[in-house]
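S.K.: task: produce atomic coordinates for the following.
(chains A and B)
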Amino acid sequence: MKPLLEVKNLRKSYKNGVLAVDGIDLQIHAGSIYALVGPNGAGKTTTIKCILRLISCDSGEIDFKGKTITEDDIVQRISYVPEEKNLYEELTVENMVNLSGRIISKFDLQRAFELVKSFKLPLAEKISSLSHGMKTQLYLSIAFAQNADIYILDEPTWGLDPIAQKTVLQMMCDLVGNGKGVFYTSHVLREVEKIADTVAIMHRGKILYSGTLTEAKEKFKTVVVTGDFSQRADLSSFHFFRKGGNFLILARDEEELSDILKQFPTSDVYEMDLEDIFEALVESETNRQGGGRK
Amino acid sequence: MMKKEFAHMKVRFIVLAVILAVLFVVSFPLGDFLIGVAENALSQSQISGLEGLQEVLGKIREDFNFNAYSQWFGKNLGQLVPIFSIIIGFPIFSREVERKTIYFLLTKQRRRRVFRVKYFLGLFAVTALIFASCVSVLLFGLFLMKEVRIKMFAEYTLMMLTGGIFWYSVTILFSVFMNDQVKPLISSILILAVTTSLGFLRVFRFMSVYNYLLSDAPYRNLGIDLVYTLSLMLLSVLLYFVAWTIFRRKEF
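M.R.: Coordinates of the predicted model:
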């Protein structure tokens, strides 16, 4: 099936020389949730801004439904919630929703007010007096009321209380149930584990892993090395990291696991959840690169 | 979107309109009364050498066209046009960037439309303020059955609009280029101050738009400086395209 949104070999560097996005690929399909996770500064928001043409990319291709993405695709087919949920502070909630109805194409005003009501947001309140969580809920209400093909949500649940988080995640699942695509970033790996169909782990501009969670769990194993290992192994070939005083090696596939076990036969092998995989990939990649970003 | 833009501009527009209205009332409907007060004070004054001033006050009272030039085009309105244009223009783009609402706007509307609506609505506000200020004086003169030189009023209106639009275009360029609201305001005012100061030197006289705006040439039936007017118009058009190019390529 052709993806709704496809990013190929995207690169973006800033004027200060920082390579924010380093040749990444990703595909977002209709009826699925694609979660992009990574530590701060990984390049997640930069990737989204490149897709939405808020910034220009150095190279790479961004296709929407098989064709190079256009400005019309962005404003009509994509609904976006940015990392910082800033709306017009001087407007009331009601006026903001009405304004959205006037400037957003394919906007369901009634649906927007239903969503605002479901979040129990006060219609007459000025946005400037809303809490961060309430502003996020308002932004999401507006975004979800747009009849788009893809919903790009940058940290949509950050700052929300657990009940609101759950509601938002359910709304995202409902969108997917209606055949929409959701591309979102998050720091909360437990929520990603619950709802994402595809997970990509991004670090220092690169996607270290992309695939389903089940695949990730089958693929990645962690080896806890015991005994005096420093004399016996050439560690540079492995993805190693330390956790809780233990020395661990990340096995990224069966072959690598057998290589590790040949060198450390008495070691223990463990299954990993998303949080472990994320930590292991990021930590080991940091160790391999040694220090700051290129 | 136009409604939103006007809502953002509403307070500034109303405040500036009120200032102009107050100045208009003081200069025209109350003008005769204030001149009478000044003449009375002068007649009772023991200071010698004020005869010339008395003569000027008499001319203001008798000649409506001189009144319009000396009290309005060559003074109040002429001095305020660049400043009011700067006040209208400086936050038009920079406010959206500073408050990060630009992400909302640019992912809901095409860049070209965002730029055009913002630019032309601000331009409309500047034009409306200046045009109303010019026409109200003309209408006031006609209402009082004064001898009014329509050509002079038309020339001053054109000069005020040209100067206002030029300073609006300069400010918009800064508003597009800079990411907060203070910098475009300070930059525009600084450039206005520098060019005005340089304009006091004969060799740089052309740099001060005030020398053009406050000119008595239309009153003296010498017409407008066509080359300067066309130059400002061309520069305004050029600034529009430069601002659009910057906005089109700008990263947010």
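S.K.: got the phi and psi for residue A:155?
M.R.: As for residue A:155, its main-chain torsions (degrees, to the nearest 10) stand at phi 50, psi 60.
S.K.: ditto for residue A:59
M.R.: In this entry, residue A:59 is assigned phi and psi values of phi -160, psi 170 (degrees, to the nearest 10).
S.K.: I'd like the distance between it and residue A:114.
M.R.: Distance check for residue A:59 against residue A:114: by C-beta to C-beta, to the nearest Å, it reads 43 Å. All C-beta atoms are positioned from the backbone trio N, CA, C, and that covers glycine.
S.K.: again with residue A:163
M.R.: Separation of residue A:163 from residue A:114 (C-beta to C-beta): 18 Å.
S.K.: cool, residue A:4 as well?
M.R.: 25 Å.
S.K.: these two: which has the busier surroundings?
M.R.: With other C-beta atoms under 10 Å in any protein chain shown as the criterion, residue A:4 and residue A:114 differ in neighbour count, and residue A:4 comes out ahead with 24 against 14.
S.K.: verify the stated contact: the more buried one with residue A:67.
M.R.: No - Residue A:4 is beyond contact range of residue A:67, at 11.5 Å (criterion: C-beta atoms under 8 Å).
S.K.: what's the single longest helix in chain B?
M.R.: Ranked by number of residues, the top helix in chain B under DSSP state H is helix B:111-143.
S.K.: next structured bit after it?
M.R.: Sequence order places helix B:150-177 as the next helix or strand after helix B:111-143, per DSSP states H and E.
S.K.: residue contacts, the residue nearest the centre of chain B?
M.R.: Within chain B, the residue whose C-alpha comes closest to the C-alpha centroid is residue B:81; the distance, by C-alpha atoms, centre = their mean, is 1.5 Å. Contacts here follow C-beta atoms under 8 Å, 6 or more residues apart in numbering or on different chains; on that basis residue B:81 touches B:130, B:160, B:163-164, B:167, B:213.
S.K.: from those residues, which would you call buried?
M.R.: Buried positions within the contacts of residue B:81, assessed by neighbour count (16 or more other C-beta atoms under 10 Å in any protein chain shown), are B:130, B:160, B:163-164, B:167, B:213.
S.K.: would you mind giving those as JSON lines with distance to residue A:283 added?
M.R.: Listed next are the buried ones among the contacts of residue B:81 as JSON lines, based on distance: C-beta to C-beta, whole Å:
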{"residue": "B:130", "distance to residue A:283": "64"}
{"residue": "B:160", "distance to residue A:283": "67"}
{"residue": "B:163", "distance to residue A:283": "63"}
{"residue": "B:164", "distance to residue A:283": "61"}
{"residue": "B:167", "distance to residue A:283": "57"}
{"residue": "B:213", "distance to residue A:283": "66"}
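S.K.: which one among those gets closest to residue A:199?
M.R.: Using C-beta to C-beta, residue B:167 comes nearest to residue A:199 of these, at 53.9 Å.
S.K.: surely the closest one meets residue B:191?
M.R.: No - checked against C-beta under 8 Å, the pair residue B:167 and residue B:191 is beyond contact range at 9.1 Å.
S.K.: quick check: neighbours shared by these two?
M.R.: Contacts common to residue B:167 and residue B:191, judged by C-beta under 8 Å, 6+ apart, are absent.
S.K.: residue 10 is in what secondary structure piece?
M.R.: Here I'm looking at chain A. strand A:5-13.
S.K.: oops, wrong one, chain B.
M.R.: Counting by DSSP H and E, residue B:10 is found in helix B:2-27.
S.K.: show me where the stretch 101-250 of chain A has helices.
M.R.: In the stretch 101-250 of chain A, helices defined by DSSP state H, counting those that start in this stretch lie at A:109-118, A:132-144, A:162-177, A:189-195, A:213-219, listed in chain order.
S.K.: returning to that earlier point: could you list every helix and strand that the longest helix of chain B packs against?
M.R.: Here helix B:111-143 is seen to pack against helix B:2-27, helix B:77-89, helix B:91-98, helix B:150-177, helix B:226-249 when contacts are counted using 3 or more C-beta pairs under 8 Å, 6 or more residues apart in numbering or on different chains; DSSP states H and E.
S.K.: just want the angle from the next helix or strand along the chain from the first one to helix B:2-27.
M.R.: As assigned by DSSP H and E, the chain's next helix or strand after helix B:2-27 is helix B:31-44. What separates the directions of helix B:31-44 and helix B:2-27 is an angle of 30 degrees, with axes from the mean of the first three to the mean of the last three C-alpha atoms, to 10 degrees.
S.K.: name the nearest residue to residue A:194, sequence neighbours excluded.
M.R.: residue A:169 (6.8 Å; C-beta to C-beta, 6 or more residues apart in numbering or on different chains).
S.K.: actually residue A:113, sorry about that
M.R.: Among residues not flanking residue A:113 along the chain, residue A:97 sits closest, at 6.2 Å (C-beta to C-beta, 6+ apart).
S.K.: what residues does chain A put near chain B?
M.R.: Neighbours of chain B within chain A, by C-beta under 8 Å from any C-beta of the partner chain: A:49, A:52, A:54-56, A:71-72, A:74-75, A:78, A:80, A:82, A:84, A:86-90, A:99-100, A:102-105.
S.K.: buried only: go through the residues you listed for me.
M.R.: Judged by neighbour count, with buriedness set by 16+ other C-beta under 10 Å, the buried members of the residues of chain A next to chain B are A:49, A:52, A:54-55, A:74-75, A:78, A:80, A:82, A:84, A:86-88, A:99-100, A:103-104.
S.K.: now, those that are in helices?
M.R.: A:49, A:74-75, A:99-100, A:103.
S.K.: of the residues you listed, which pair is most distant in space?
M.R.: In terms of C-beta to C-beta, these reach their longest pairwise distance at A:49 and A:99, which sit 23.1 Å apart.
S.K.: correct me, but residue A:146 touches residue A:103?
M.R.: No - taking contact to mean C-beta under 8 Å, the distance of 10.8 Å between residue A:146 and residue A:103 leaves them out of contact.
S.K.: quick check: buried residues in the worst-scoring helix or strand of chain A on mean pLDDT?
M.R.: Scoring the helices and strands of chain A by mean pLDDT, DSSP states H and E places strand A:239-243 at the bottom, with a mean of 76. The neighbour-count check on strand A:239-243 (16+ other C-beta under 10 Å) flags A:239-241 as buried.
S.K.: swap in stretch B:144-160?
M.R.: Within stretch B:144-160, the residues that qualify as buried are B:148-149, B:152-153, B:155-157, B:159-160, counting by 16+ other C-beta under 10 Å.
S.K.: then stretch B:57-76?
M.R.: For stretch B:57-76, a neighbour-count test (16+ other C-beta under 10 Å) marks B:57, B:60, B:64-74, B:76 as buried.
S.K.: could you tell me how far it lies from the centre of the chain?
M.R.: On the basis of C-alpha atoms, centre = their mean, to the nearest Å, the separation between the geometric centre of stretch B:57-76 and that of its chain is 18 Å.
S.K.: please apply the same query to stretch A:82-96.
M.R.: The mean C-alpha position of stretch A:82-96 is separated from the chain mean by 23 Å, C-alpha atoms, centre = their mean.
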